[in-house]
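Student: could you look at this predicted model? Sequence included:
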Number of protein chains: 2
Amino acid sequence: MPTIDPQTIRQGDRLALSRAMTLVENDAPESREVQAALFPHTGKAHLVGVTGAPGTGKSTLVNQLTKLLRNNPDQGTDPKVAIIAVDPTSPFTGGALLGDRIRMRDLAGDRGIFIRSMASRGALGGLAHKTAAFVTLLDGAGFDIIIIETVGAGQAEVDIAGLAHTVIVVEAPGLGDDIQAIKAGILEIADIIVVNKADHPGADNSVRALRVMLEMTQGKHNSGTAKAHHKVTLQPDSSKTNQPDSVSWKTPILPVISTEGKGINTLVDEIQNHAKFLKDNQLWQQKEAARLRKDLEALIRHKLVRKWQQTLDENKFDSVFADVIERKCSPIEAVDLLL
Amino acid sequence: MPTIDPQTIRQGDRLALSRAMTLVENDAPESREVQAALFPHTGKAHLVGVTGAPGTGKSTLVNQLTKLLRNNPDQGTDPKVAIIAVDPTSPFTGGALLGDRIRMRDLAGDRGIFIRSMASRGALGGLAHKTAAFVTLLDGAGFDIIIIETVGAGQAEVDIAGLAHTVIVVEAPGLGDDIQAIKAGILEIADIIVVNKADHPGADNSVRALRVMLEMTQGKHNSGTAKAHHKVTLQPDSSKTNQPDSVSWKTPILPVISTEGKGINTLVDEIQNHAKFLKDNQLWQQKEAARLRKDLEALIRHKLVRKWQQTLDENKFDSVFADVIERKCSPIEAVDLLL
């Protein structure tokens, strides 16, 4: 494999970008040089996370959203859009690859759009880290909007979507009762809630129920029992007068019919409103810092384990582990023997 | 908090058991002593994982299954059953706690049943580790069957359910198309597939579709493109003649109506068949070893990070991180400076 010149990625070479992403997926050491070279040029892209339970129609929504972002008549700009589709449960076939093909047909030919999916199993921490690396590459390649779509609705997927500046949670009517269990956790990270399939029966009820749940969640935030996410108290900005001590984003709930493209324009507006809100209130930088810190900590953990593995006496490990299997030594005691 | 005598847990003191679990949840150092003391007495329980997408009715299924396991007329035994309900997305309210209350009403009063939920957010690796610790405590306390139920259907939940000897994947008809994306990954870990809500329209189709997907997955296994899970090639056992070189478990697909208790008896039979299959083919010990190894590795990672944190110069960290935020130094370069 030839080494990749980061400069060509900055100049828009899609093949070099794809290759760099493959290096990241394969954990190749060369990927680090490319990332390090691009890193000084990052920090410009708007990261938009899209998550929600299976069956809510996220992929169709993301496709329609991407098309409108590219062809927005209200804007003079011509933003480049990248999509990272993260599918942690699909090991080799199925969702991601099938989704890719459908997408290619739908969005192909527009060189302002770049799509990459990651169907990687078994490497959970690695998945969040690889998503972060993809973001660095795409941001460095000059993509203005990077959509991070996750297929599942577990904690890992929520964490990955949570890397974004703006998190869109997609719901749909009639997905069964115990989805309520998921919602409480997922609503907390939502900056925008989309009720997709708004023409299906029960959509009005879903919107109403979500509004109530959202009020409960935000009520909890305000009473200080959880990390404030929607509401952030800041020092008054000296450059403006009459600004309240506390700024808050009111999470909109948007009915959408993705298959017909209905409601997508409002979604685009709210995404832009949210970016403006973050920037106006110095929250953009806060989110960037939190994201970089998480990534740095994950890299440190990764390296610590690798260093330990390099010095490990495998015979000793095997003999201690044999005692664990025979229940002579608990895993907790084994750690003390091995470190 | 008084120290807990592990002996009282072995003798069936439920309050001591609950307290020990709380110590685990709080990462209290005392929890390690209790686990180490109980560990030599573990390895007897049958661990049954239950996972599947939201909306499939897992909780109702687990309740009905537990009742029948306790009151199985076909058996002379009287197994003690524990349920660990893991809800990684529920931060403080919602699913797990509500589910608990419904469960308490349904299963309360039977001292052969113990229920504990874990609604813990943000500590993913920690979650799998804490589930393993709960298993040690419950196994040491003499529970014969430990059901590990996960609420979400992401990779983390699949990993947690995968700790079990027997993995039940729950599906339901009519949950939308892109659930197909989830299935390919999740079917791989299934030892038993339940199609719940079998009285709903489309149930027959679901069973048929699952059978086809399963055959595709197992076909892939057989052609060697993925880790064999259902099919394990063993050396011929010298104590038996005419045993084939290769033993395989044929994953059954069981239509069930949990709300009416229909099909649960067949499920109980298949759970017992699977345990027998594992034991007859020396796979039980293999699964135990794999589980203990995973737990040991997680403990090692955890301790490595803690050791590093204890020696960390925080001023240095802050100054390096400030350079990362200003894009003067990439996270990858920062790691080299910090380790």
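Tutor: Sure, I can see it. Numbering: from 1, shown residues only, chains lettered A, B, ... in the order given.
Student: contacts for the helix or strand in which residue A:318 is found next, please.
Tutor: Under the criterion of DSSP states H and E, residue A:318 resides in helix A:314-325. Outside helix A:314-325, the residues that touch it by C-beta atoms under 8 Å, 6 or more residues apart in numbering or on different chains are A:329, A:330, A:331, A:334, A:337, A:338, B:285, B:288, B:289, B:292, B:293, B:296. No exception for glycine: its C-beta is placed from N, CA and C like everyone else's.
Student: now for the longest helix anywhere in chain A, which elements pack on it?
Tutor: In chain A, assigned by DSSP state H, the helix with the most residues is helix A:283-311. Judged by 3 or more C-beta pairs under 8 Å, 6 or more residues apart in numbering or on different chains; DSSP states H and E, the packing partners of helix A:283-311 are helix A:124-140, helix A:264-280, helix B:283-311, helix B:314-325, helix B:331-338.
Student: and residue A:56, which of these is closest to it?
Tutor: Residue A:56 lies closest, by C-beta to C-beta, to one member of these: helix A:264-280, at 14.0 Å.
Student: relative to helix A:283-311, how tilted is that closest one?
Tutor: Relative orientation of helix A:264-280 and helix A:283-311, computed by axes from the mean of the first three to the mean of the last three C-alpha atoms, to 10 degrees: 80 degrees.
Student: for helix A:264-280, name the packing helices and strands.
Tutor: Using 3+ C-beta pairs under 8 Å, 6+ apart, the elements in contact with helix A:264-280 are strand A:46-51, helix A:58-70, strand A:166-171, strand A:192-195, strand A:253-255, helix A:283-311.
Student: to the chain's geometric centre, what's the distance from that helix?
Tutor: 17 Å (C-alpha atoms, centre = their mean, to the nearest Å).
Student: what does stretch A:46-55 give?
Tutor: Centre to centre, stretch against its chain (C-alpha atoms, centre = their mean), the figure for stretch A:46-55 is 7 Å.
Student: part of a helix, is residue A:142?
Tutor: No - counting by DSSP: H, G, I helix; E, B strand; the rest coil, residue A:142 is located in no helix; its state is coil.
Student: in the stretch 1-150 of chain A, what residue spans correspond to strands?
Tutor: Assigned by DSSP state E, counting those that start in this stretch, the strands in the stretch 1-150 of chain A fall at A:46-51, A:81-86, A:113-118, A:145-150.
Student: could those strands be laid out in a markdown table, adding distance to residue B:186 and mean pLDDT?
Tutor: Output for the strands of the stretch 1-150 of chain A, formatted as a markdown table (distance: least, C-beta to C-beta, whole Å; pLDDT from 0 to 100):
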| stretch | distance to residue B:186 | mean pLDDT |
| --- | --- | --- |
| strand A:46-51 | 18 | 94 |
| strand A:81-86 | 16 | 90 |
| strand A:113-118 | 18 | 87 |
| strand A:145-150 | 15 | 92 |
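Student: to chain B, which of these lies closest?
Tutor: strand A:145-150 (8.2 Å; C-beta to the nearest C-beta).
Student: neighbouring strands of that closest one in the sheet, and parallel or not?
Tutor: strand A:46-51 (parallel), strand A:81-86 (parallel) (DSSP bridges).
Student: Serialize these to TSV and add fields for mean neighbour count.
Tutor: Formatted as TSV, the strands paired with strand A:145-150 follow (neighbours: other C-beta atoms under 10 Å in any protein chain shown):
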stretch	mean neighbour count
strand A:46-51	26
strand A:81-86	26
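Student: which of these sits closest to residue B:128?
Tutor: Closest among the strands paired with strand A:145-150, once you apply C-beta to C-beta, is strand A:81-86, at 19.5 Å.
Student: got the angle between that closest one and helix A:124-140?
Tutor: Using the same axes, to 10 degrees: strand A:81-86 against helix A:124-140 is 170 degrees.
Student: mind listing residues that contact strand A:81-86?
Tutor: Under C-beta under 8 Å, 6+ apart, the answer for strand A:81-86 is A:59, A:62, A:66, A:69-70, A:96, A:99-100, A:103, A:112-118, A:127, A:131, A:134-135, A:138, A:141, A:143-151, A:157, A:160.
Student: how does it look with 7 Å?
Tutor: A:62, A:66, A:69-70, A:96, A:99, A:112-118, A:127, A:131, A:134, A:138, A:143, A:145-151, A:160 (C-beta atoms under 7 Å, 6 or more residues apart in numbering or on different chains).
Student: what does stretch A:255-268 give?
Tutor: With contact meaning C-beta under 7 Å, 6+ apart, stretch A:255-268 is reached by A:57, A:60-61, A:64-65, A:68-69, A:72, A:194-199, A:203, A:207, A:254.
Student: before we move on, what about stretch A:57-65?
Tutor: When contacts are defined by C-beta under 7 Å, 6+ apart, stretch A:57-65 is touched by residues A:50, A:52, A:83, A:99, A:103, A:106-107, A:147, A:149, A:170, A:172, A:194, A:196-197, A:256, A:258-259, A:261, A:264, A:267-268, B:178.
Student: next up, the contacts around residue A:50.
Tutor: Counting by C-beta under 7 Å, 6+ apart, residue A:50 makes contact with A:58, A:62, A:147, A:149, A:161, A:168, A:170.
Student: reformat those residues as a markdown table; add neighbour count and distance to residue A:21.
Tutor: A markdown table is the format used below for those (neighbours: other C-beta atoms under 10 Å in any protein chain shown; distance: C-beta to C-beta, whole Å):
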| residue | neighbour count | distance to residue A:21 |
| --- | --- | --- |
| A:58 | 27 | 21 |
| A:62 | 25 | 18 |
| A:147 | 24 | 15 |
| A:149 | 28 | 16 |
| A:161 | 26 | 19 |
| A:168 | 27 | 23 |
| A:170 | 28 | 25 |
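Student: can I get these in JSON lines including distance to residue B:16?
Tutor: Below are those laid out as JSON lines (distance: C-beta to C-beta, whole Å):
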{"residue": "A:58", "distance to residue B:16": "46"}
{"residue": "A:62", "distance to residue B:16": "51"}
{"residue": "A:147", "distance to residue B:16": "50"}
{"residue": "A:149", "distance to residue B:16": "46"}
{"residue": "A:161", "distance to residue B:16": "40"}
{"residue": "A:168", "distance to residue B:16": "46"}
{"residue": "A:170", "distance to residue B:16": "45"}
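Student: residues contacting the nearest residue to residue A:62 once chain neighbours are set aside?
Tutor: Leaving out its chain neighbours, the residue that sits closest to residue A:62 by C-beta to C-beta, 6 or more residues apart in numbering or on different chains is residue A:149, at 5.1 Å. Counting by C-beta under 7 Å, 6+ apart, residue A:149 touches A:50, A:58, A:62, A:83, A:85, A:86.
Student: again, only this time at 6 Å
Tutor: A:50, A:58, A:62, A:85 (C-beta atoms under 6 Å, 6 or more residues apart in numbering or on different chains).
Student: and residue A:46, by the same measure?
Tutor: A:145, A:165, A:275.
Student: isn't the first one right up against residue A:80?
Tutor: No - when contacts are counted by C-beta atoms under 6 Å, residue A:145 is not listed as touching residue A:80 (7.5 Å).
Student: now stretch A:331-339: buried residues?
Tutor: A:331, A:332, A:333, A:334, A:335, A:338 (16 or more other C-beta atoms under 10 Å in any protein chain shown).
Student: burial measure for the closest residue to the fifth one other than its chain neighbours, as a count.
Tutor: The shortest distance from residue A:335 to any residue that is not its chain neighbour, by C-beta to C-beta, 6+ apart, is 4.7 Å, and that residue is residue B:299. The criterion is other C-beta atoms under 10 Å in any protein chain shown. On that basis, residue B:299 has 22 neighbouring residues.
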